[in-house]
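Asks: Here is my input, please return the structure:
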Amino acid sequence: MILCFRVMLLAVALLFYFVNRELLDFTNTFGLEGPETGIVFQVLVWIVLVFGMLFRIIPNKKITLGARKHYSQSFIAKPDIAQSNARSGCTSDGTSTAPDAEANLHRGAAMSALSWLIVSAAVLFSFHQLGILSPATVLLWTLLLSVVDLIFVIFLCPFQVLFMRNRCCEDCRIYNWDYFMMCAPLILFPSIFSVSLVLLSVVVLIRWEVAVKKHPHYFMKDKNAALGCEACEGAQCRFRINRRSK
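Replies: Numbering: from 1, shown residues only. Model prediction:
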């Protein structure tokens, strides 16, 4: 359902782009300038993105476990964690992990960040070289990324295949990076619309990374029983091309 809605937003944006690109000029949005249709659409996009990020910041069970596993409420210590503490270097609540385990947790994330940066820079540089870099094309890129994000979650994620090597999105180290990856390009054209979205996405990212630093065991299926297939609350993996074993 969410994927269909994001596809619809992208389709409308593409229509506006070819009909009247001024409709996508978010630098005028909150000044209530420009065509009324464009303002309504941009405010809708802003509301959708803001509410999506607020759900990541405020603890709740209305989002998938993968996006809220950085909260203590989503951590369930493995039954055998007490027996493995002496070997793994963990305390009774699993609050520390072996150095190798933490290194593996971060290595794939670093490679994923680098690949995202390279692809984004290449696309935006291409827009610039073609003379089409504008608020309209950047907004289109953001909406395209919002669709691609869900395609990665539901069907096939190259970050998972190439770098993360995790079982599924529920134990993904970079799950809550998505909104920052979507919104960051908007800062090329500063406005209340773009700056507010980028700042909020940074808050989501920082909250996530602080949790990774302080509680890395929350993100490991070997430590957190809530991330196991037997405790799975969703069914996203039924469509996945690269399903992994437990």
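Asks: For the protein, name the helix or strand with the lowest mean pLDDT.
Replies: When the helices and strands of the chain are scored by mean pLDDT, DSSP states H and E, helix 81-88 comes last with a mean of 47.
Asks: Spatially nearest residue to the most centrally placed residue in the chain (excluding sequence neighbours)?
Replies: The residue lying closest to the centre of the chain (Cα atoms, centre = their mean) is Asp178, at 1.7 Å. Of all residues not flanking Asp178 in the chain, Asp149 sits nearest, at 4.9 Å (Cβ to Cβ, 6 or more residues apart in numbering). C-beta here means a position set from N, CA and C on the backbone, and glycine is covered the same way.
Asks: you'd agree the residue nearest to the centre of the chain is up against Leu150?
Replies: No. Asp178 lies out of contact with Leu150 (Cβ atoms under 8 Å); the separation is 9.0 Å.
Asks: picking that back up, and the residue nearest to Asp178, how many neighbours does it have?
Replies: Asp149 has 18 neighbours, counted by other Cβ atoms under 10 Å.
Asks: pretty sure it contacts Met182?
Replies: Yes. Assessed by Cβ under 8 Å, Asp149 is found in contact with Met182 at 6.7 Å.
Asks: Show me what counts as buried in the lengthiest helix in the chain.
Replies: The longest helix of the chain (DSSP state H) is helix 99-129. Neighbour-count burial for helix 99-129, with 16 or more other Cβ atoms under 10 Å as criterion, is recorded at Ala101, Glu102, Asn104, Leu105, Gly108, Ala109, Ser112, Trp116, Val123, Leu124, Phe127.
Asks: repeat for stretch 148-159
Replies: So stretch 148-159, judged by 16+ other Cβ under 10 Å, has buried residues Val148, Asp149, Leu150, Phe152, Val153, Ile154, Cys157, Phe159.
Asks: ditto for stretch 52-71
Replies: Going by 16+ other Cβ under 10 Å, stretch 52-71 has these buried residues: Gly52, Met53, Arg56, Thr64, Leu65, Gly66, Ala67, Arg68, Lys69, His70.
Asks: just stretch 16-23 next, same as before
Replies: The neighbour-count check on stretch 16-23 (16+ other Cβ under 10 Å) flags Phe16, Tyr17, Arg21, Leu23 as buried.
Asks: quick one on the thing from earlier: which SSE is the residue nearest to Asp178 in?
Replies: helix 135-154 (DSSP states H and E).
Asks: Show me what that helix is packed against.
Replies: The contact analysis (3 or more Cβ pairs under 8 Å, 6 or more residues apart in numbering; DSSP states H and E) places helix 135-154 against helix 2-19, helix 36-57, helix 99-129, helix 178-183.
Asks: just to revisit the earlier point, distance to Thr137 and pLDDT added to the buried residues of stretch 148-159, as JSON lines?
Replies: What follows is these, written out as JSON lines (distance: Cβ to Cβ, whole Å; pLDDT from 0 to 100):
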{"residue": "Val148", "distance to Thr137": "16", "pLDDT": "96"}
{"residue": "Asp149", "distance to Thr137": "19", "pLDDT": "95"}
{"residue": "Leu150", "distance to Thr137": "21", "pLDDT": "94"}
{"residue": "Phe152", "distance to Thr137": "22", "pLDDT": "93"}
{"residue": "Val153", "distance to Thr137": "25", "pLDDT": "90"}
{"residue": "Ile154", "distance to Thr137": "26", "pLDDT": "88"}
{"residue": "Cys157", "distance to Thr137": "25", "pLDDT": "92"}
{"residue": "Phe159", "distance to Thr137": "24", "pLDDT": "93"}
